[in-house]
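**Student:** pasting the structure only:
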């Protein structure tokens with residue numbers, strides 16, 4: 001059945017106008033765990049919520065102390081064969097869009113262009129007061145200067161899906177947080193959508209438009225548990241647009257899928273790209 005499903009996916013991909021919707025499962029082979037797949041179950045994690053981050057300076061201190069340590073691991077992650085296969089499909093003109101739920105920037109590092117980052121990106125930060133955007137590298141340097149001891153400890157512990165690591169309470173309470181340079185006082189937040197925060201409406205509308213104009217919605221490495229991604233599968237199915245899901249394990253969208261492939265994306269996607277492009 002897997003071979004037959006693979007051939008069906010190749011046939012659906014060959015005509016082009018495919019929209020990719022990717023999730024954390026695509027990045028696990030780059031060393032970034034997911035929340036609900038095999039690697040996520042190995043290191044269960046409770047993500048920071050928007051409410052907790054904005055409610056108090058203590059919540060922001062906890063987030064930045066842990067994220068500062070984990071950022072080095074995210075920054076050093078390399079795109080895997082799955083990311084490269086998506087970029088190859090795009091270069092061949094078979095993709096009309098790439099929507100990712102990931103915040104790691106690995107699609108772009110692999111060569112994909114005009115990627116819609118549904119949940120934002122960890123490589124930049126935003127001021128909650130003046131809304132200015134600045135590079136994460138700049139903040140990393142400022143946090144390192146304010147916390148020189150963190151340089152030696154930053155890479156300890158397993159990295160979590162949202163880019164942080166576990167720390168002892170003493171390491172968190174001694175961590176110094178810095179504020180916005182532009183307005184001088186605004187708290188800084190990674191330019192990502194936290195749990196409990198809404199994806200900007202304009203971004204959602206762009207994704208809906210891509211999906212509705214496509215000939216295939218190809219879901220890669222997402223359990224579709226979170227509604228922000230699952231809604232695009234529901235929209236495609238409602239419009240009669242085929243849905244293909246490549247993932248390790250069951251997903252919320254399985255009942256709506258025309259094709260299901262269960263296996264390592266680092267093997268399945270290069271095979272798909274080779275078969276679809278070479279034909």
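**Tutor:** It's in. These figures come from a predicted structure and were not determined experimentally.

**Student:** Toward the C-terminus, what is the element adjacent to the helix or strand bottoming out on mean pLDDT in the chain?
**Tutor:** Least confident helix or strand of the chain, by mean pLDDT, DSSP states H and E, is helix 38-42 with a mean of 45. The helix or strand immediately downstream of helix 38-42 is helix 50-55, counting by DSSP states H and E.

**Student:** what sits up against that following helix?
**Tutor:** With contacts defined as CB atoms under 8 Å, 6 or more residues apart in numbering, helix 50-55 is touched by 59-60, 63, 128, 189, 193-197. C-betas here are computed from N, CA, C, even on glycine.

**Student:** Please pick the buried ones from the residues you listed.
**Tutor:** Buried by 16 or more other CB atoms under 10 Å: 60, 63, 128, 189, 193-195, 197, out of those.

**Student:** out of those residues, who's nearest residue 19?
**Tutor:** Distance to residue 19, by CB to CB, is smallest for residue 193 among the buried ones among the contacts of helix 50-55, at 19.7 Å.

**Student:** circling back to that earlier point, among the buried ones among the contacts of helix 50-55, which are in helices?
**Tutor:** 60, 63 (DSSP state H).

**Student:** What mean pLDDT does stretch 215-232 get?
**Tutor:** The pLDDT scores in stretch 215-232 average 96.

**Student:** Can you give me the buried ones in it?
**Tutor:** 216-224, 226, 228-232.

**Student:** Let me know the closest of these to residue 246.
**Tutor:** residue 220 (5.3 Å).

**Student:** Find me the pLDDT at the residue lying closest to that closest one once chain neighbours are set aside, would you?
**Tutor:** The spatially closest residue to residue 220, leaving aside those adjacent along the chain, is residue 22, at 4.4 Å (CB to CB, 6 or more residues apart in numbering). We note a pLDDT of 98 for residue 22 in this prediction.

**Student:** show me the contacts for residue 22.
**Tutor:** So residue 22 contacts 86, 98-102, 107, 219-222 (CB under 8 Å, 6+ apart).

**Student:** got a list of what the spatially closest residue to residue 17 that is not a sequence neighbour touches?
**Tutor:** Nearest residue to residue 17 in three dimensions, chain neighbours excluded: residue 215, at 4.1 Å (CB to CB, 6+ apart). Counting by CB under 8 Å, 6+ apart, residue 215 touches 12, 15-18, 241-242.

**Student:** Of those, which count as buried by neighbour count?
**Tutor:** 12, 17-18, 241-242.

**Student:** and residue 77, how many neighbours does it have?
**Tutor:** By other CB atoms under 10 Å, 18 other residues sit near residue 77.

**Student:** Sounds good, over and out.
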